[in-house]
Every structure is written in structure tokens, then in C-alpha cells.
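Chemist: no FASTA, just this:
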Ligand code: GDP
Ligand code: IMO
Ligand code: MG
């Protein structure tokens, strides 16, 4: 098996970018297969910090191929500005090392407008989205009225598609009392970007299947996390794509088998609203936030913080067929006297060993914890198992036991090279 799928096992920001970058040293191709520029993947190389949103993490390594699959909601303006900003830092992304699926649905200004209108309407029940137009773009895809990258090539097709799209969006805008969107402006918006983005357009499914025949090593880079999955997450407080491992196939057209690796943080964080059973709205949460520098990569919002939830991570492992796990940010727990792991939930006199689907139950779950002594030792930047404190190893072993799969990598700092293979 030459292919690996990387998925987040919590609510995103587990450190997927760092791990994809680390693993891509031995890969040929990295593929994004869902989400869009709602993702923020941080990679630190020689003290230089890179924050990637749409571009696969392989762009930072010379000689690798990056692919954006059909499952991605594509904000072409954001992609071109990400490419241009990397160019100023000496990184050359061009059509020979980046390919974008011709089937990607495009995020347009009307999507960002719609997201804002509905978040405003939601009052106290806001999702707390990233405001990138992701949800409305996917709604149009499923509603069969999206404009896709391939439509930019054909003026007649584009004209028809814009008419269909605007008849839907303008009915809603008028209903809500907003100004209608004008066809000429939308066409202008699309035309501005077409020349720059079309050179990247490719039948990605075919490229990938050829790569499989050539036995190239491919990494599929997940965005967001399992509990933001539209089907399996804490609905409705989720993103609008599938984030589980099987989406790597649908979202790219790749059809071979792959080894699925999950990435989990040694505690839990969440940006935006929604249930979070192990959240610590106290000095523990404040310490995790401060030591972990838990500010959202995309929206700069404070991430909510809490203890490691083994129930969630075990569920995520099972949902994606994860065979091994990477644990990140253990170093953030270095100064804690005690650490806790959630092993079950209590609700209405019953004990749950999984996260029930109902929002009304999820928000009331009471976590059951096991408590462990901390290790009270600086582990940041450690590079071998021998340097790790006994209590840290015990913590990792307990997590392995609870989630049912081995932890094969530990990340010990934001830096590319600070990883321990177990
Ligand atoms: P992603 O969205 O899953 O790629 O994660 P983000 O990049 O949004 O957030 C993870 C943050 O943790 C980034 O700032 C990383 O640089 C940082 N990080 C990753 N692994 C480690 C680690 O092991 N220790 C520490 N201290 N920071 C880490
Ligand atoms: P990475 O790839 C953390 C969250 C938003 C919001 C919800 C829906 O960096 O892990 P959306 O804009 O997607 O419609 O917002 O999902 N969210 C993320 N949280 N990391 C991410 O990506 C996220 N992408 C979306 O905060 O709660
Ligand atoms: Mg992130």
C-alpha cells in the first residue's frame, strides 16, 4: 500500500499540517480532498512559520506534486493569493507542481454573503463559521447549481450557470431584504480569476489513478476533524463536508486502498460553537489556551480547551478505519500536576461509551474521568523515546488502550524535525 490518508480525530487543529509535512518527505504527491480555505495548517521549518489554507502541505517541499481534489470548495481568489504570497517567500507553486480538479465547485462572493445573512439570522444559535462561504458553496453543489472550475472555459455554459445560480440566490436575497446580486458583476468576478486559475485545471481522478499505476507514494491530507464531519460530527455545529477517511476517495477520484492515520492532540480544542463535553471553562482551560497558544489559524479566535476525550477519539478511529495514531502537543501538558482523560459519559442515569447523535443529549453529557499524575518535566523538542518521562509514557499507553489502536508517532514541538517514532 503506497497511500496514506491523514485525518483529524477531534474538532480540527490537531496538527495535521505538521504531520503531513513530516510524512511527505517520503511521498511524491499530497492531495487535499475536502474543505477549503476554512482550514489552517501550520508548518514550522527552521523558525519560519507557514500557514496554509488551500494548498496541500507538500508545496513547501521541492519536487513534490500538490493536488486539490474535486471534494474541495475552491475559492480561486484565495488560492491565487496564497500562491502569490508563497512566491514572495521563495516558494514556487506553478501548474507543473499544482493541479486542481476541473470539477471543484467555486466559492463566489454570493456564498460569503449568504453565510453572513444566515449566521446573522441565527441569533443565539450561530454555528460560528469561518465566514469563507464554505457551507453555501457546498449547498449549491448538492443543489446542482454550482459553478465549477471547468465551467470557466465556456462562455455560453458559464452564462447559463450564472443565470440558474442567481435565480436561486436572488430569490433568497430579496426575501431577506438584501440587494440582489447583479449578473454582470458576478461574471466580472469570475472572469477576473479565470485566466489565473485555469492553467491548474486537470482531470485529477485520472492523474491520480496513473500515479497509482506508477507506484507513486500519495498522501491525502484531511482538513477539519471528525466531529466537524457533516454526517458524523456534532450536527448542526459542523462544517459542510465529510472529513472522515473514506472521503479521500470520493473527494479525489482515487480508487485504490490506503492506510489511514489519525492525528489527535494530547488534549482537546474546538473553535466555534457546539457541544464539547470535556471543555474546561476554568484555569485548566486557560492554561491549555495560554501554553498551547490556542488561537485559531484562520479566524484568530480563541480555541476552547479541555481534557483529552478518549470516547471521541475511539469513535473517530472507528469511523475512519484508522490503523495508527499520531499524538501531538504532549509538551503543552508538561507543567500540569494532574492530567485527566475522559473514558465515558453520563446522561440521565445512563453511561455512554460513544457520543450519541442527538444535539440535545450531546450538550448535557457529563464526562467520566480517569486522573493521572503529570510528568512535570520539559519535553518540548525531545527526539527519542528514552528522553520521555515515565508518566508521559503511561499517559500515552493509557490512551492507546482506550482508543484501541497504537500511537506510532509523537510530536514534541511545532517544528518539522521534532517527532518521535515509537
Ligand atoms: P491543523 O489544522 O491540524 O494542521 O493544526 P493547526 O496548524 O491549525 O494547529 C496546530 C498548532 O499546533 C500549530 O500552531 C502547530 O504549529 C502547533 N503544533 C503542532 N504540533 C505541535 C507539538 O507537538 N507541540 C507544540 N507545542 N505545538 C505543536
Ligand atoms: P483545520 O483544517 C478548526 C469550524 C469552524 C466552525 C465550523 C463550521 O485547520 O483543522 P465552516 O467555515 O467550515 O463552515 O465552519 O467548523 N472549522 C474548523 N475548526 N479547524 C478547522 O480546520 C476548521 N474548519 C472549520 O470554526 O465551528
Ligand atoms: Mg488548523
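Modeler: The structure has been received and is ready for your questions. Here the structure is a predicted model, which means the values were calculated and not measured. Numbers count the residues shown, from 1 in each chain. Ligands and ions are numbered 1, 2, ... in the order given.

Chemist: count of residues packed around residue 215?
Modeler: 8 (other C-beta atoms under 10 Å). All C-beta atoms are positioned from the backbone trio N, CA, C, and that covers glycine.

Chemist: got the contact list for the closest residue to it other than its chain neighbours?
Modeler: Leaving aside its chain neighbours, residue 215 sits nearest to residue 2 (5.8 Å; criterion: C-beta to C-beta, 6 or more residues apart in numbering). Residue 2 sits next to 212, 215-218 when contact means C-beta atoms under 8 Å, 6 or more residues apart in numbering.

Chemist: tell me the phi and psi of residue 2?
Modeler: Residue 2 has phi and psi values of phi -100, psi 0 when expressed as degrees, to the nearest 10.

Chemist: show me what contacts residue 104?
Modeler: The neighbours of residue 104, taking C-beta under 8 Å, 6+ apart as the test, are 68-70, 72-74, 148-149.

Chemist: Neighbour-wise, give me the winner out of these.
Modeler: Greatest neighbour count in those, by other C-beta under 10 Å, goes to residue 72: 32 neighbours.

Chemist: How about the residues of the chain by ligand 2?
Modeler: 8, 11-13, 38-41, 127-130, 132, 134-135, 223-225, 228, 239-240, 271-272, 297 (C-beta under 6 Å from any ligand atom).

Chemist: related to what we said a few turns ago, of the contacts of residue 104, which are in range of ligand 3?
Modeler: The subset of the contacts of residue 104 lying close to ligand 3, counting by C-beta under 5 Å from the ion, is empty.

Chemist: Now go through those and say which are in helices.
Modeler: With helices taken from DSSP state H, there is no overlap with the contacts of residue 104.

Chemist: got JSON lines for those residues, with pLDDT too?
Modeler: Shown next, in JSON lines, are these (pLDDT from 0 to 100):
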{"residue": "68", "pLDDT": "98"}
{"residue": "69", "pLDDT": "98"}
{"residue": "70", "pLDDT": "98"}
{"residue": "72", "pLDDT": "98"}
{"residue": "73", "pLDDT": "98"}
{"residue": "74", "pLDDT": "98"}
{"residue": "148", "pLDDT": "98"}
{"residue": "149", "pLDDT": "97"}
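
Chemist: Okay, and which of these map to strands?
Modeler: The strands, defined by DSSP state E, take in residue 68 from these.

Chemist: Include distance to ligand 1 when you put the contacts of residue 104 into JSON lines, please.
Modeler: Output for the contacts of residue 104, formatted as JSON lines (distance: C-beta to the nearest ligand atom, whole Å):
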{"residue": "68", "distance to ligand 1": "16"}
{"residue": "69", "distance to ligand 1": "18"}
{"residue": "70", "distance to ligand 1": "21"}
{"residue": "72", "distance to ligand 1": "15"}
{"residue": "73", "distance to ligand 1": "16"}
{"residue": "74", "distance to ligand 1": "19"}
{"residue": "148", "distance to ligand 1": "26"}
{"residue": "149", "distance to ligand 1": "24"}
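
Chemist: So among the contacts of residue 2, which ones count as buried?
Modeler: 217-218 (16 or more other C-beta atoms under 10 Å).

Chemist: Check the contacts of residue 2 against ligand 1 and report the nearest one.
Modeler: Checking those against ligand 1 with C-beta to the nearest ligand atom, the nearest one is residue 218 at 18.6 Å.

Chemist: if you average pLDDT over the top strand by length along the chain, what comes out?
Modeler: Assignment by DSSP E gives strand 338-347 as the longest strand of the chain. Average pLDDT, strand 338-347: 98.

Chemist: could you say what helices and strands it packs with?
Modeler: strand 308-309, helix 310-320, strand 350-352, strand 366-373, helix 390-403 (3 or more C-beta pairs under 8 Å, 6 or more residues apart in numbering; DSSP states H and E).

Chemist: Please name whichever of those is nearest to residue 122.
Modeler: Nearest of the helices and strands packed on strand 338-347 to residue 122, taken as C-beta to C-beta: helix 310-320 at 25.0 Å.

Chemist: Next, the angle from the closest one to helix 390-403.
Modeler: Taking axes from the mean of the first three to the mean of the last three C-alpha atoms, to 10 degrees, one finds helix 310-320 and helix 390-403 inclined to each other by 50 degrees.

Chemist: List the buried residues for helix 310-320?
Modeler: Within helix 310-320, the residues scored as buried using 16+ other C-beta under 10 Å are 310-317, 319-320.

Chemist: How about stretch 225-243?
Modeler: 225-230, 232-235, 237-243.

Chemist: do stretch 270-283 as well
Modeler: Neighbour-count burial for stretch 270-283 flags 270-280 (criterion: 16+ other C-beta under 10 Å).

Chemist: Tabulate the residues you listed (JSON lines), appending distance to residue 97 and secondary structure.
Modeler: As requested, the buried residues of stretch 270-283 are exported to JSON lines (distance: C-beta to C-beta, whole Å; DSSP: H, G, I helix; E, B strand; the rest coil):
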{"residue": "270", "distance to residue 97": "34", "secondary structure": "strand"}
{"residue": "271", "distance to residue 97": "31", "secondary structure": "coil"}
{"residue": "272", "distance to residue 97": "33", "secondary structure": "coil"}
{"residue": "273", "distance to residue 97": "38", "secondary structure": "coil"}
{"residue": "274", "distance to residue 97": "37", "secondary structure": "coil"}
{"residue": "275", "distance to residue 97": "41", "secondary structure": "coil"}
{"residue": "276", "distance to residue 97": "39", "secondary structure": "coil"}
{"residue": "277", "distance to residue 97": "42", "secondary structure": "coil"}
{"residue": "278", "distance to residue 97": "41", "secondary structure": "coil"}
{"residue": "279", "distance to residue 97": "41", "secondary structure": "strand"}
{"residue": "280", "distance to residue 97": "43", "secondary structure": "coil"}
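
Chemist: What is the neighbour count of the residue of the stretch 1-150 of the chain found nearest ligand 2?
Modeler: The nearest approach of the stretch 1-150 of the chain to ligand 2 comes at residue 12, 2.5 Å away (C-beta to the nearest ligand atom). Neighbourhood size, residue 12 [other C-beta under 10 Å]: 29.

Chemist: got the contact list for it?
Modeler: Residue 12 is in contact with 39, 223-225, 228, 270-271, counting by C-beta under 8 Å, 6+ apart.

Chemist: Tell me the pLDDT of the residue nearest to residue 215.
Modeler: 88.

Chemist: Get me the contact residues on the stretch 251-400 of the chain for ligand 1.
Modeler: Counting by C-beta under 6 Å from any ligand atom, the residues of the stretch 251-400 of the chain near ligand 1 are 297, 328-329, 331-332.
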